[in-house]
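Q: all I have is the shape, not the residue letters:
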């Protein structure tokens, strides 16, 4: 599974509508409304690198209200939640 983190700038008055439209795109698993340089962050998960183009450049970038994107492809995932689950023996604290 290939994960891409997409930072999205959007028309300020359309952020909720843009976020909802992006969540409907196949391959987009989450969309976060955030503060900072980006207005939204979308998590994209696909099986093959070639699919990223279709999801991001082919669809996400064309959503009305999207002004620009910056895509970061993840090499490896580190998650405290995943690590705790991997080492859990099912014994409650």
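A: Here it is on my side, so go on. Since this is a predicted model, take the numbers as computed values, not measurements.

Q: run through the chain and note the low-pLDDT ranges.
A: For the chain, the stretches with pLDDT under 70 are 81-93.

Q: can you give me the strands for it?
A: Secondary structure of the chain by DSSP state E: the strands cover 2-10, 28-33, 40-46, 66-73.

Q: report the distance from the third one to the chain centre.
A: Meaning strand 40-46. Taking CA atoms, centre = their mean, to the nearest Å, one finds strand 40-46 lying 1 Å from the centre of the chain it belongs to.

Q: what's the answer for stretch 26-34, then?
A: Distance, centroid of stretch 26-34 to centroid of chain: 4 Å (CA atoms, centre = their mean).

Q: from residue 75, how far out is the nearest residue to residue 4 once chain neighbours are set aside?
A: Of all residues not flanking residue 4 in the chain, residue 44 sits nearest, at 4.3 Å (CB to CB, 6 or more residues apart in numbering). C-betas here are computed from N, CA, C, even on glycine. If you measure residue 44 against residue 75 using CB to CB, to the nearest Å, the figure is 15 Å.

Q: who has more neighbours out of the two?
A: Shown here are residue 44 and residue 75; by other CB atoms under 10 Å, residue 44 has more neighbours (25 against 7).

Q: how much space separates that one from residue 61?
A: Taking CB to CB, one finds residue 44 at 12 Å from residue 61.

Q: does residue 60 touch residue 21 like I think?
A: No: using CB atoms under 8 Å, residue 60 makes no contact with residue 21, being 9.0 Å away.

Q: can you tell me which residue is spatially central in this protein?
A: The centroid of the chain falls nearest to residue 43 when counting by CA atoms, centre = their mean (1.4 Å).

Q: what's near enough to touch that one?
A: Counting by CB atoms under 8 Å, 6 or more residues apart in numbering, residue 43 touches 3, 4, 5, 6, 28, 29, 30, 31.
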